[in-house]
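Visitor: Sequence plus the predicted model coming up.
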Amino acid sequence: NAGVTQTPKFRVLKTGQSMTLLCAQDMNHEYMYWYRQDPGMGLRLIHYSVGEGTTAKGEVPDGYNVSRLKKQNFLLGLESAAPSQTSVYFCASSYETQYFGPGTRLLVL
Amino acid sequence: AQSVTQPDIHITVSEGASLELRCNYSYGATPYLFWYVQSPGQGLQLLLKYFSGDTLVQGIKGFEAEFKRSQSSFNLRKPSVHWSDAAEYFCAVMDTGRRALTFGSGTRLQVQP
C-alpha cells in the first residue's frame, strides 16, 4: 500500500517549456488535490477533483491544467512554464482526511 | 472566505520543555481542523484532527490540541519536546463542500539541546 505517490521528484524547466506532474493513489479515494507550497505562504490549492472525470479550480489555478481520466490518477500540467511557477507541488487524496504525497520540486529558469 | 492564522513564524524551545503552537481560524460553520507536520524535504504528515465531540484531541507523537470555539483557536501542545520534533507545523481548516484545506503559513520549530 504505497499511499500517494508523485513523479517526478525534481525537475528543472526553462521558461516556456511544458511538463506534466503525475499523482497516483491506491486508497480508492474520490477526492484528489494539487497544492503548491511557497516559503512563508503555507500550501495553496491549485485544482481539485471530486471524482473520476471531474475537475475544478482552486485558489491559484492560472497557468495550470488538470485531468482525472482514472480514479487513481490526477495529472497537473504546465503548458508554458514561468519562473513564478517555481515551487514545491504536493498532491493529496482524501475521503475525510487528506493524505499527501512526498512532493515535486520544480525550478523554472 | 475561510482563513487560518499562525502568528508565530519561528519558535525555539529547549529539549524537554513544553510547547504550544498557536492557530486561529475563520470559518462560517463548525470547522473541521487539522495539524500537520513537515520535516525538511518531506511531505506532510497528519498529527491530529478535530471534527466534533471532545474539544481536546490526542494525536500521534504525544501531541494534543484543544478546540476553543469562543476564541476561534486550535492550539497544538506537547508537554515535553524531543529533538526529533524539530520541523514545520501547519494548521488547516477544511472547506466541507470541497473537502479542500486552507492552510496557515506555518510555524518552524527549532529544538535546542
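Guide: Okay, I see it.
Visitor: near chain A, which residues of chain B show up?
Guide: Within chain B, the positions near chain A by C-beta under 8 Å from any C-beta of the partner chain are B:4, B:9, B:32, B:34, B:36, B:42-46, B:49, B:51, B:90, B:98-106. Where you see a C-beta, it was placed from the backbone N, CA and C, and this is true even at glycine.
Visitor: and if we set it to 7 Å?
Guide: B:42-44, B:46, B:49, B:90, B:98-101, B:103-106 (C-beta under 7 Å from any C-beta of the partner chain).
Visitor: In helices only, show me the residues you listed.
Guide: Among the residues of chain B next to chain A, no member falls in helices (DSSP state H).
Visitor: In TSV, list these along with neighbour count.
Guide: As requested, the residues of chain B next to chain A are arranged in TSV below (neighbours: other C-beta atoms under 10 Å in any protein chain shown):
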residue	neighbour count
B:42	13
B:43	19
B:44	27
B:46	16
B:49	19
B:90	25
B:98	14
B:99	19
B:100	24
B:101	28
B:103	22
B:104	24
B:105	18
B:106	24
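Visitor: Tell me who's in contact with the residue in chain A that chain B sits nearest to.
Guide: Relative to chain B, the nearest point of chain A is residue A:42 (3.7 Å; C-beta to the nearest C-beta). Listed by C-beta atoms under 7 Å, 6 or more residues apart in numbering or on different chains, the contact set of residue A:42 reads B:90, B:103-106.
Visitor: Name the nearest of these relative to chain A.
Guide: Nearest member of these to chain A, counting by C-beta to the nearest C-beta, is residue B:103, at 3.7 Å.
Visitor: Distance check, the residue of chain A closest to chain B against residue A:56.
Guide: Using C-beta to C-beta, to the nearest Å, residue A:42 is found at 20 Å from residue A:56.
Visitor: hmm, back to that, give me the nearest residue to the residue of chain A closest to chain B, chain neighbours excluded.
Guide: Of all residues not flanking residue A:42 in the chain, residue B:103 sits nearest, at 3.7 Å (C-beta to C-beta, 6 or more residues apart in numbering or on different chains).
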